[in-house]
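Enquirer: sequence and computational prediction follow.
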Amino acid sequence: MAGGIFADKMGDMINDEQIVMTPTKRSKDHTTVTMERLKASDMDQNNIIHVGGGDHKGIVIYKEPGADKGISKPPELVLGFKVMLRSSSCNKHVQENWQLKFWFKNAHDHQKIDSAEAFLTELVSSGECPKDYVGFIKKTMKLMQIKYPCVQKVEVEMKKQEEGKPPTPASPGRLSFFRHIDKSMEHWCMLIFRML
């Protein structure tokens, strides 16, 4: 393994799989973050900006890729949901469309569906639901690392929509639910599952 500023921490990883988080798109109204399972020997040290330690051992943060990042294969499964955010300071509602795009390793179609559904359910469970973007991304990485070894890659895409009213329940036949998450900011999640 090549030397570098992270050589000591990287040396501890040997060939263990790490969860590598890369911000792939950032703008005022659209954010995409990719989390991928990689072996330490396959990582480019020039892209590493942070290697987690302690409770975050096995988590690596890559810098944002340049324009020539290449084309990845389409996701194997996508879970989409709407989030209505209300700022307690200005009392405005902003709706966002969020998608979790999944890639798997060594899993059959039924296992992919079950794993993605369980992953999302655990991610937004009321007892430990993330209260902000950073918490959501951190919990996504930890779930990949600890509980879902068949998940190779997750891409979280968050697109801001228009200001408006809280969403109403989905029509019958769609799997949906609403959940109040925290007191300072209200979130309602309407989950719509679809497989590509």
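Expert: Received, thanks. It should be emphasised that the depicted structure is a prediction, and the values quoted were computed from it without experimental measurement. Numbering: from 1, shown residues only.
Enquirer: now tell me which helix or strand of this protein has the poorest mean pLDDT.
Expert: Ranking every helix and strand in the chain by mean pLDDT, DSSP states H and E puts strand 185-194 at the bottom, with a mean of 36.
Enquirer: where's residue 35 relative to residue 139, distance?
Expert: Distance from residue 35 to residue 139, counting by C-beta to C-beta, to the nearest Å: 11 Å. Placement of C-beta: from N, CA and C, glycine included.
Enquirer: more neighbours, the two?
Expert: Of the pair residue 35 and residue 139, residue 35 is the one with more neighbours under other C-beta atoms under 10 Å, namely 21 against 17.
Enquirer: now do the strands in this structure.
Expert: 17-26, 30-39, 48-51, 59-62, 77-87, 93-104, 151-163, 185-194 (DSSP state E).
Enquirer: return the most buried member of those strands.
Expert: Neighbour counts (mean count of other C-beta atoms under 10 Å) averaged over each of the strands of the chain peak at strand 59-62, with a mean of 20.
Enquirer: what packs against that one?
Expert: Contacts defined by 3 or more C-beta pairs under 8 Å, 6 or more residues apart in numbering; DSSP states H and E place strand 59-62 against strand 17-26, strand 48-51, helix 133-146.
Enquirer: for it, which strands pair with it and how are they oriented?
Expert: strand 17-26 (parallel), strand 48-51 (antiparallel) (DSSP bridges).
Enquirer: who's in contact with the longest one?
Expert: Contacting residues not belonging to strand 17-26 are listed as 31-40, 43, 47, 58-65, 69, 137, 141, 144-145, 155, 157 [C-beta atoms under 8 Å, 6 or more residues apart in numbering].
Enquirer: can you show me the CA trace of stretch 115-127 as PDB?
Expert: Taking Å, rounded to 0.1, in the frame of the first residue of the first chain, the C-alpha atoms of stretch 115-127 are listed here in PDB:
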ATOM      1  CA  SER A 115     -32.800  -6.100   2.200                       C
ATOM      2  CA  ALA A 116     -33.600  -2.700   0.700                       C
ATOM      3  CA  GLU A 117     -37.000  -2.600   2.400                       C
ATOM      4  CA  ALA A 118     -35.600  -3.600   5.800                       C
ATOM      5  CA  PHE A 119     -32.700  -1.100   5.400                       C
ATOM      6  CA  LEU A 120     -35.100   1.800   4.800                       C
ATOM      7  CA  THR A 121     -37.400   0.800   7.600                       C
ATOM      8  CA  GLU A 122     -34.500   0.600  10.000                       C
ATOM      9  CA  LEU A 123     -33.100   3.900   8.700                       C
ATOM     10  CA  VAL A 124     -36.300   5.800   9.400                       C
ATOM     11  CA  SER A 125     -37.500   3.900  12.500                       C
ATOM     12  CA  SER A 126     -39.100   6.300  15.000                       C
ATOM     13  CA  GLY A 127     -36.900   5.400  17.900                       C
END
